[in-house]
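>>> Sharing a model prediction with you, sequence too.
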Amino acid sequence: MKISIGSDHAGFAYKEAIIAHLKERGHTVTDYGTYSSDSTDYPIFVIPAAEAVVRGETERGIVLGGSGNGEAIAANKVKGVRCAVCWTHETAELARRHNNSNVLSIGERMISLELALEIVDIWLETPFDGGRHARRIQELDCYEAGGGDKGMLAVLERKNP
């Protein structure tokens, strides 16, 4: 699988370890930085990693920081991204099964490296369940495509004819 990855300084060590882990498993990784532990701003590295997913250059993306929250917020600003912050096996599985997450966010300061690598594997291997969850993804896509309130009105009109 082709995977894009980006982090700020607080996620740098895990980013490097995850890249090695992914390559060992035969994945192709595009690294959008940062390239050191020097303090930097996460949007500079996270947004391009998320954009690569939307453009179809990579199938999935992984973003990292101290908590993973800012990185998820930044990634989710990219139209078409569904980024989930995951901190347990279950959150990783459900992010894929129920939300069809295409970008994963991990906080280096929140979990062990061992758990982070397990989360990456679970998230990459878990399929999307579809069904009722697909309808919800379509509702999100409709809102996003409508440019805000108009998109949500379309969703509501479909629900309440």
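Alright, I've got the coordinates.

>>> Surely Tyr42 and Lys15 touch.
No. Taking Cβ atoms under 8 Å as the definition, Tyr42 is not a contact partner of Lys15, at 11.4 Å. C-beta here means a position set from N, CA and C on the backbone, and glycine is covered the same way.

>>> Pull up the overlap in contacts between those two.
6-7 (Cβ atoms under 8 Å, 6 or more residues apart in numbering).

>>> now the helix or strand where Arg136 lies: how far from the chain's centre is it?
In this assignment (DSSP states H and E), Arg136 forms part of helix 132-145. Helix 132-145 sits 17 Å away from the centroid of its parent chain (Cα atoms, centre = their mean, to the nearest Å).

>>> For it, buried residues please.
Under the neighbour-count criterion of 16 or more other Cβ atoms under 10 Å, helix 132-145 has 139, 142-143 buried.

>>> Including distance to Ser67 and pLDDT, could these go into JSON lines?
Formatted as JSON lines, the buried residues of helix 132-145 follow (distance: Cβ to Cβ, whole Å; pLDDT from 0 to 100):
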{"residue": "Glu139", "distance to Ser67": "28", "pLDDT": "86"}
{"residue": "Cys142", "distance to Ser67": "30", "pLDDT": "86"}
{"residue": "Tyr143", "distance to Ser67": "26", "pLDDT": "84"}
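
>>> nearest to Gly33, of those?
Tyr143 (31.1 Å; Cβ to Cβ).

>>> quick one, phi psi at the spatially most central residue of the chain?
For the chain, the residue nearest the mean C-alpha position is Val103 (1.6 Å; Cα atoms, centre = their mean). Phi and psi for Val103, reported as degrees, to the nearest 10, are phi -140, psi 130.

>>> Would it be right to say that Val120 lies in a strand?
No. Counting by DSSP: H, G, I helix; E, B strand; the rest coil, Val120 is located in no strand; its state is helix.

>>> okay, now it: neighbour count?
Neighbour count for Val120, taken as other Cβ atoms under 10 Å: 25.

>>> which stretch of helix or strand covers the residue nearest to it when sequence neighbours are not counted?
Spatial nearest neighbour of Val120, excluding adjacent residues (Cβ to Cβ, 6 or more residues apart in numbering): Ile18 at 5.8 Å. Applying DSSP H and E as the criterion places Ile18 in helix 12-24.
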